[in-house]
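Chemist: here is the input, now give the coordinates:
(chains A and B)
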Protein chains: 2
Amino acid sequence: MSHDSAQVDPTSKSEQTKKRLREGAMASFSELGFHGTSTRHIATAAGMSSAAVYVHYKSKEELLYRISKFGHEAILAVVREGAASSDDPAQQLRAYAFALAKYHAQEHVSARVVNYELGALEPDHHAEIIALRKELDNVIDAILQRGLDRGVFHTAKPRMAAVAIVGSCIDIARWYRDGGSWTPDDVGEFYADSALRIAGATP
Amino acid sequence: MSHDSAQVDPTSKSEQTKKRLREGAMASFSELGFHGTSTRHIATAAGMSSAAVYVHYKSKEELLYRISKFGHEAILAVVREGAASSDDPAQQLRAYAFALAKYHAQEHVSARVVNYELGALEPDHHAEIIALRKELDNVIDAILQRGLDRGVFHTAKPRMAAVAIVGSCIDIARWYRDGGSWTPDDVGEFYADSALRIAGATP
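Modeler: Numbering: from 1, shown residues only, chains lettered A, B, ... in the order given. Have a look, this model is predicted:
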């Protein structure tokens, strides 16, 4: 390294490289699955050498962990923002489902990795991601409970309703493709309505 | 081969071996993904040699194709049986969703392969499986349309309702695990009710 390299912000450059690697890994994991992806696939997708991958991430699993953590934190942020947009449980549920559905349409490539490759995480990383998913569940469970308490929702099995609502939104990542006739907003609107119907909201 | 081997029905023995290979492949694909599964994984899971795999299936892709075809035909059979159980669109939709949801809970291992590994099929096989999925769609679309015509369902977007109903059932394969507190019948009942709610059935 020459003395000149000190003029470049190393953190920023390193972060950009890491971002490229995460994006390369995300594309490969989404297409080939975690177990079907080699370091070479990730390096090729990021336009780097295989050796460069290990400079920044100690393993393929660490990349999956970082992608999963980033993805779950992003999802949690959008649904929390949705839930915080109103005091009314019906409006909150609508906003929660709209945000969750729109995210899974818009970010369908990363969302497939985030939802379908969890089993490949090492135990401590897996536990950390499961804790983030539990927070996601806690938000919808609280909304459903408040709606039931106020008599605006009607369901005998609120936990199963939450699983069905969240699951239908997650499933969007499986089938959604860019350039179709339904925009992420169209999908968000429809799934928001469906969430209210599943919860038995009084129209 | 000795002359004695003629006493054993060769078709039956070959079919049993093929079944073991399909089950081994299904377990491996479900755990490691299609691209993460080697012939050796399949052979080990089936308790055979790698060479034995190629005696019965010309490629890993042919195994995926056979598993996908069998799985889709089985799903189509249960939902058609459900739909044929009544003339009433609401009862038909309930039976369709019950059968689809229960199947994805009960057969969650094979259903993950059948739904999440489609992209790995060769073009002609992929087209054949997509045609089976289209038939599955046609059944629910016809039910929804008849319910709309009779005024018992209320939705402005029946195609999206079908996607949401079918998708929520498919998603069960992602999260369902044996031995939990919800039986496949519990799940079937709840998702059948949810399907009616999504379709806007008059209670």
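Chemist: list the buried residues for the helix ranked longest in chain A?
Modeler: Ranked by number of residues, the top helix in chain A under DSSP state H is helix A:123-149. Within helix A:123-149, the residues that qualify as buried by neighbour count (16 or more other CB atoms under 10 Å in any protein chain shown) are A:125, A:129, A:133, A:136, A:139, A:140, A:143, A:144, A:146, A:147, A:148. Every residue, glycine included, has its C-beta placed from N, CA and C.
Chemist: from what I can see the third one touches residue A:72, true?
Modeler: Yes. Under the criterion of CB atoms under 8 Å, residue A:133 is in contact with residue A:72, at a separation of 6.7 Å.
Chemist: just the closest of the buried residues of helix A:123-149 to chain B, please.
Modeler: Using CB to the nearest CB, the shortest approach to chain B within the buried residues of helix A:123-149 belongs to residue A:133, at 10.3 Å.
Chemist: before we move on, back to that, packing partners for the longest helix of chain A?
Modeler: Here helix A:123-149 touches helix A:60-83, helix A:89-106, helix A:158-175, going by 3 or more CB pairs under 8 Å, 6 or more residues apart in numbering or on different chains; DSSP states H and E.
Chemist: who are the packing partners of the last one?
Modeler: Same thing as helix A:158-175. Using 3+ CB pairs under 8 Å, 6+ apart, helix A:158-175 sits against helix A:89-106, helix A:108-116, helix A:123-149, helix A:184-198, helix B:158-175, helix B:184-198.
Chemist: returning to what we had before: what mean pLDDT does the longest helix of chain A get?
Modeler: Helix A:123-149 comes out with an average pLDDT of 97.
Chemist: break chain A into its domains for me.
Modeler: A:9-58, A:59-203 (automatic domain parsing).
Chemist: winner for burial among those?
Modeler: domain A:59-203 (a mean of 19; mean count of other CB atoms under 10 Å in any protein chain shown).
Chemist: between the two ends of it, what distance do you get?
Modeler: For domain A:59-203, the first and last residues are 51 Å from each other (CA to CA, to the nearest Å).
Chemist: does stretch A:46-61 come close to chain B?
Modeler: No. Under the criterion of CB under 8 Å from any CB of the partner chain, chain B is not reached by stretch A:46-61; the shortest gap measures 11.2 Å.
Chemist: next, the distance between the ends of that stretch.
Modeler: Across stretch A:46-61, first to last residue, CA to CA, it's 17 Å.
Chemist: repeat for stretch A:111-128
Modeler: Note: stretch A:111-128 ends 17 Å apart using CA to CA.
Chemist: is it true that residue A:95 touches residue A:87?
Modeler: No. When contacts are counted by CB under 8 Å, residue A:95 is not listed as touching residue A:87 (11.6 Å).
Chemist: read off the pLDDT value for the residue nearest the centre of chain A.
Modeler: Among the residues of chain A, residue A:71 comes closest to the average C-alpha position under CA atoms, centre = their mean, at 4.0 Å. Residue A:71 is assigned a predicted lDDT (pLDDT) of 94.
Chemist: go ahead and confirm residue A:64 touches residue A:116.
Modeler: No. Under the criterion of CB under 8 Å, residue A:64 makes no contact with residue A:116, lying 11.3 Å away.
Chemist: identify the contacts common to these two.
Modeler: Common neighbours of residue A:64 and residue A:116, counting by CB atoms under 8 Å, 6 or more residues apart in numbering or on different chains, are absent.
Chemist: what is the orientation angle of the longest helix of chain A with helix A:60-83?
Modeler: Put simply, helix A:123-149 runs at 20 degrees to helix A:60-83, going by axes from the mean of the first three to the mean of the last three CA atoms, to 10 degrees.
Chemist: so how far is helix A:123-149 off the chain centroid?
Modeler: Relative to its parent chain, helix A:123-149 has a centroid offset of 14 Å by CA atoms, centre = their mean, to the nearest Å.
Chemist: same check on stretch A:156-165?
Modeler: That offset, for stretch A:156-165, works out to 20 Å (CA atoms, centre = their mean).
Chemist: for it, C-alpha coordinates in CSV please.
Modeler: Written as CSV, here are the backbone C-alpha positions of stretch A:156-165 (Å, rounded to 0.1, in the frame of the first residue of the first chain):
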residue,chain,number,x,y,z
ALA,A,156,-61.4,-17.7,17.3
LYS,A,157,-57.8,-18.4,16.5
PRO,A,158,-55.8,-15.1,16.4
ARG,A,159,-52.4,-16.8,16.3
MET,A,160,-53.4,-18.9,13.3
ALA,A,161,-54.9,-15.8,11.7
ALA,A,162,-51.5,-14.1,12.2
VAL,A,163,-49.7,-17.0,10.6
ALA,A,164,-52.1,-17.0,7.6
ILE,A,165,-51.7,-13.2,7.1
